[in-house]
Each structure stands twice: as structure tokens, then as C-alpha cells.
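*Asks:* can you look at this prediction? I've put the sequence above it.
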Amino acid sequence: MKNQSIQTSIDGLVQPQAVDIEKYVLGSLMVDRDSIVNVIGILNIDCFYLPVHRVIYDKILNLYKENQPIDLLTVVTGLMTNEVLKSSGGVAYLSDLTSLSGGCVNIVKHAQILAQKQIAREIIRLCSDIRLSAFDEINDVADVVEDLNDKVRKINELVTGKTNIHHISDSVEKAMKECENRQLMASKNIIPGIDTGLYDLNVITGGGWKSSQLIVIAARPAMGKTALLLHFAKSAARSGKSVCIYSLEMSDISLANRLLLSECDIDTDRFKAGRLTDNELASLNQAAGVIWKLPIYVDANPCVSMDYIRGRSKIMADKGQCDMILVDYLQLAEMGKGERNRNREQEVAQASRMAKIIAKEMNVPFILLSQLSRGVESRVDKRPMLSDLRESGAIEQDADSVMFIYRPAYYKVDHVTVKNENGYGTNEISTNGLGILCIEKQRDGATGTVKFSHNPNMTQICDYGKNEQNPF
């Protein structure tokens, strides 16, 4: 391996660098092909000091953008004829990098160090330029000062990141374009958001699930959280949206079974016992044909964090396969990250905040299921309240919408009182097959309740009153 020349700044000082960390990061990226998603927002090519490292990272970025696997073989193949790599040792150099990898431990922290070194080098360069400009007697001092102020602004942007601040007119223009688009869609009877699969829920949400929103759906066990989640997923997929489901509790086969049963009228017990009639088998095969074609993607890894969900979702989005994220459920996500002196409430708060960041960053709806505390059980009517959100009030704060699932029949309540559709008076209705979504918070909309119907096994869900005698 040939030694590489180290450039120096003015006054003969070696420029800020961390070559060993560069080697570690590049080696880690080739050992763990998915680790790129954790650093791509931190590192650019200029973050690497050595020219050969810039060449290698550039190739890794291109492989990622082309949805190609990232490993030693693919990088070697892509750089076989590269002269910069050849002059540094060629394939042997790349192989040595992978041997230095520590299995991607602390790769984000190391990437941040490289980014800071790059900022320091850029500060030196800008200051050197302004120093030379001040020495040049041809330059007007006022021009030098103006150039200095411009470079100071650039340095501030490097340190803090480019600002998102802009004149309100830009936002007004975007708002008016969105309004025009809603008007156009309404004239064609198209909802502006992603279809929820429940007419009344589409109405109260102002046209379905919206981009960048975090929607928290909470309930006690056995209320049908997963069933409702799958209904939302299937409805979105039927409208042509790609859905990513992260199931931390149920296996992918269990979710598939539920989706199949949601498409056909088959007794769940006979399905589980393997005692289906010929007609039921035919119905099941037909249901499989429908579900098979839907753009639904399931990750049933039980040990995932919000960082994992963020990284995987970005990979899917790059492939055009992530218009909506659904997670079942919050309290099962890994949250530790090895930090000490943090209680469970702080961990849940961090996870819910991360979920909101993901929704905004990826510009997709993020539906997050959550457990409720046992406080519901001590209440006479068993109706959930915002204070029942388990372990963290931060969930309520971060969420754009908070909805609770309430099935009164589960608590042996035979009838409930609801408002008439015209808004005047009330009416007693049976709780048989009745589910209620209690919308307790909507950042940009109204609160209220949405009734829905479900079959005894909660595998099928539809609009309430679709057919009061037999909604399915």
C-alpha cells in the first residue's frame, strides 16, 4: 500500500482529519450493507480527507441510489479500473478496510466526527481566502468586509445546517396550491389524503390520513388494535398506496392469516383447525389472490428500534414502496440505546418523538399503536381518556391525532347512547358488533366519535350501518 500525501493548511499545520475513523466507517459500510441509511444524512464525499476514501464512499453512495447491494465484492467490481484506488493498493486496500470494521458499533458517532472535521477544514479554507484577499492591496476594503460577512454566513450554515427559514409568501403560495388541488380532487370525488376505509373517519379527518402526520391509536388489550391497523393498511393499499407494517408482536404469517380472513366469510375456529369445506377453501384461495397483489410490506422483526424503522422505511421509500408506515406497537420497540439514568417514561417519550420526526422527514402518515394504562378498567363506563396513555404524556404531545378504540360489548354493556345523525337528540343502539373510535385529539381538525361494525372475531371491519342486520 502506498503512502498518501497529507495536505497542509497555511502556516504548515496539518488540516483537521481522522483517517483511522474514515477507514473504520468505510469498512463498516461494506460489512453491513444496510448501515448506509444511518450515515447518509450525515456524510457527504467531502467529509473524507483522503482522495481514495472519497472515491470509495462515492461508489457506495451510487450503489445505494441504484438499490444495489453494498459489500466488498460490489465495491471492488465498481472500482476495478479506478486509478486513485490502484495507486493506493487496489483490492488489498479495500479488503484491509473491511478487516478494520467493528460491526458498525458507534458508526453514527464516528460519522459525526468526520462531518465535524470537514467543517473545520472548510472554515480554514474560507478564512485563508479572506486573509489572502485582505493582503491584496488591489481589493477595496469594503469589498473584503462584504466577502468576510458572506463567508461568516457560510460558516454558520456549515455548523448549524442550512436554514429552512423563508418568507411567508412561499408558504402562502404552497397553501394556495394545496387548496386548489383539494378543490380539484373534491370535484372528482377524490379524497385528498389516504383512504382510511371508514367513511365517517374520512370525514372527521378532513379526507383521510395526511402526509407528515403521526396518528396514535391506543387501546387496552383485546380491543382490536391490530385488526383496525390491518383494515387501515388494506384500505390504503387498495387505493394504490404502498404500506409498510412493522409488527413487533405478531408474526408475518399471523398478519397474513388475519388479512385473508378479512377478505372472506370463514369461521375462524375451523380455519385454525384445518377443517374448511370445499366452498370455504375456494373462498380462501380467492381472498389470497386479492391480498397477494396489494402493495403491503411486512417486517415482523420483534427486536427493532425507531432508528431501525427509520432506516428500513427510507430504503423502501427509495424503491417507491413506502407511502405509509404502521407500527404495532410502541411499547414493544427497543428504546435503550445504552443510555443510563433514563426511566421508561423518558424512553417512550423519545420513541414517540422519533416517530413524529420520521413522519415529517419522510412526508408520510405514521400510524402508531399504543397500549393504555389499567386506569381504564377502574372507570365505570370504561371509556379511555388522554390521561390513560401508558407511560408518557409525550405521546399526546407529539401526536397530530390521538384515537382510542372502545368496544362496549367487551365490558358487558348492551346498549349505548349516541347522538342522532342530525345532531339533535340521542338514540340508544345495540353494542353487538359495535366498535367506537374516540378521536380525542386532532391538531388540524375536530374531535368526536366514529362508529364502525365488526364481526365476532374482529377479522372484518366496515362502516357502521352498512347493513344493520348483517354488515358482512
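*Replies:* Received, thanks.

*Asks:* show residues contacting the one helix or strand A236 maps to.
*Replies:* Using DSSP states H and E, A236 maps to helix 225-238. Contact partners of helix 225-238, identified using Cβ atoms under 8 Å, 6 or more residues apart in numbering, comprise 194-198, 209, 217-219, 243, 245, 247, 249-250, 255, 258-259, 262, 291, 294-296, 323-324, 326, 328-329, 367, 369, 405, 435, 437, 454, 458-459, 461. Where you see a C-beta, it was placed from the backbone N, CA and C, and this is true even at glycine.

*Asks:* one more: stretch 384-401?
*Replies:* Stretch 384-401 is touched from outside by 205, 210, 213-216, 218-220, 330-331, 344-345, 348-349, 352-353, 355-356, 368, 370-373, 375-376, 379, 402, 404-406, 438-445, with contacts defined as Cβ under 8 Å, 6+ apart.

*Asks:* repeat for stretch 141-159
*Replies:* For stretch 141-159, the surrounding residues in contact (Cβ under 8 Å, 6+ apart) are I119, E122, I123, L126, C127, D129, I130, S133, A134, T163.

*Asks:* how about it: buried residues?
*Replies:* Neighbour counts over stretch 141-159 (16 or more other Cβ atoms under 10 Å) mark V144, D147, L148, K151, L158 as buried.

*Asks:* again with stretch 250-269
*Replies:* With burial defined by 16+ other Cβ under 10 Å, the residues of stretch 250-269 counted as buried are M250, L255, A256, N257, R258, L259, L260, L261, S262, E263, C264, I266.

*Asks:* mind checking which of those residues are in helices?
*Replies:* Among the buried residues of stretch 250-269, the residues falling in helices (DSSP state H) are L255, A256, N257, R258, L259, L260, L261, S262.

*Asks:* TSV for those, including pLDDT and distance to I190?
*Replies:* TSV is the format used below for these (pLDDT from 0 to 100; distance: Cβ to Cβ, whole Å):
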residue	pLDDT	distance to I190
L255	89	29
A256	91	30
N257	90	33
R258	90	29
L259	91	25
L260	91	29
L261	90	30
S262	89	24
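
*Asks:* can you tell me which of those residues lies closest to N301?
*Replies:* For these, the closest approach to N301 (Cβ to Cβ) belongs to L255, at 12.9 Å.

*Asks:* for that closest one, what are its contacts?
*Replies:* By Cβ under 8 Å, 6+ apart, L255 lies in contact with T226, L230, I245, S247, V298, A300.

*Asks:* for T417, see how far away N82 is.
*Replies:* To T417, N82 is 75 Å away according to Cβ to Cβ, to the nearest Å.

*Asks:* could you do S370 as well?
*Replies:* Taking Cβ to Cβ, one finds S370 at 27 Å from T417.

*Asks:* between these two, which one's more packed in?
*Replies:* A direct count of neighbours by other Cβ atoms under 10 Å for S370 and T417 places S370 higher, at 25 against 8.

*Asks:* next step: the buried residues of stretch 141-159 restricted to helices.
*Replies:* Counting by DSSP H, the buried residues of stretch 141-159 place V144, D147, L148, K151, L158 in helices.

*Asks:* the lengthiest strand in the chain to helix 225-238, inter-axis angle?
*Replies:* The longest strand of the chain (DSSP state E) is strand 434-442. Going by axes from the mean of the first three to the mean of the last three Cα atoms, to 10 degrees, strand 434-442 is angled at 80 degrees with respect to helix 225-238.

*Asks:* low-scoring stretches of this structure, by residue?
*Replies:* For the chain, the stretches flagged by pLDDT under 70 are 1-12, 67, 102-105, 158-165, 331-344, 390-393, 420-425, 466-472.

*Asks:* sorry, back to before: which of the contacts of helix 225-238 are buried?
*Replies:* Buried subset of the contacts of helix 225-238 (neighbour count, 16+ other Cβ under 10 Å): 194-198, 209, 217-219, 243, 245, 247, 250, 255, 258-259, 262, 294-296, 323-324, 326, 328-329, 367, 369, 405, 435, 437, 454, 458-459, 461.

*Asks:* these two touch, right, P51 and N82?
*Replies:* No - P51 lies out of contact with N82 (Cβ atoms under 8 Å); the separation is 10.7 Å.

*Asks:* in the stretch 151-300 of the chain, mark out all the strands, start to finish.
*Replies:* Applying DSSP state E, counting those that start in this stretch to the stretch 151-300 of the chain gives strands spanning 214-219, 243-247, 296-299.

*Asks:* in JSON lines: those strands, plus distance to D32.
*Replies:* Listed next are the strands of the stretch 151-300 of the chain as JSON lines, based on distance: least, Cβ to Cβ, whole Å:
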{"stretch": "strand 214-219", "distance to D32": "29"}
{"stretch": "strand 243-247", "distance to D32": "20"}
{"stretch": "strand 296-299", "distance to D32": "17"}
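
*Asks:* which of these sits closest to S28?
*Replies:* Nearest of the strands of the stretch 151-300 of the chain to S28, taken as Cβ to Cβ: strand 296-299 at 22.4 Å.

*Asks:* residues contacting that closest one, please?
*Replies:* By Cβ under 8 Å, 6+ apart, the surrounding residues in contact with strand 296-299 are 233-234, 237, 242-247, 252, 255-256, 259, 312, 316, 321-322.

*Asks:* change it to 10 Å
*Replies:* Here strand 296-299 makes contact (Cβ atoms under 10 Å, 6 or more residues apart in numbering) with 230, 233-234, 236-238, 241-248, 250-253, 255-256, 259, 308-309, 312-313, 316, 319, 321-322, 324, 326-327.

*Asks:* still on that earlier bit, widest-spaced pair of the contacts of L255?
*Replies:* Taking Cβ to Cβ, no two of these sit farther apart than L230 and A300, at 13.2 Å.

*Asks:* what touches both of these two?
*Replies:* Here L230 and A300 have I245, S247, M250, L255, A256, D328 as joint contacts, going by Cβ under 10 Å, 6+ apart.

*Asks:* between those, which is closest to D58?
*Replies:* The closest of the shared contacts of L230 and A300, once distances to D58 are taken by Cβ to Cβ, is I245, at 34.4 Å.

*Asks:* pretty sure that closest one contacts M316?
*Replies:* No - I245 is not in contact with M316 according to Cβ atoms under 10 Å; the separation is 11.0 Å.

*Asks:* shared neighbours, the two?
*Replies:* Shared contacts of I245 and M316, defined by Cβ under 10 Å, 6+ apart, are found at Y297, D299, I325.

*Asks:* which one of the residues you listed sits in the busiest neighbourhood?
*Replies:* In terms of neighbour count, I325 stands highest of those at 25 neighbours, by other Cβ under 10 Å.

*Asks:* find the nearest non-adjacent residue to it, please.
*Replies:* Using Cβ to Cβ, 6 or more residues apart in numbering and skipping the chain neighbours, the partner closest in space to I325 is F366 (4.7 Å).

*Asks:* pretty sure the one you found is touching Q213, no?
*Replies:* Yes - using Cβ under 10 Å, F366 makes contact with Q213 at a distance of 7.1 Å.

*Asks:* and those two? Which one has more around it.
*Replies:* Neighbour totals were compared for F366 and Q213, and F366 leads with 27 against 22 (other Cβ under 10 Å).
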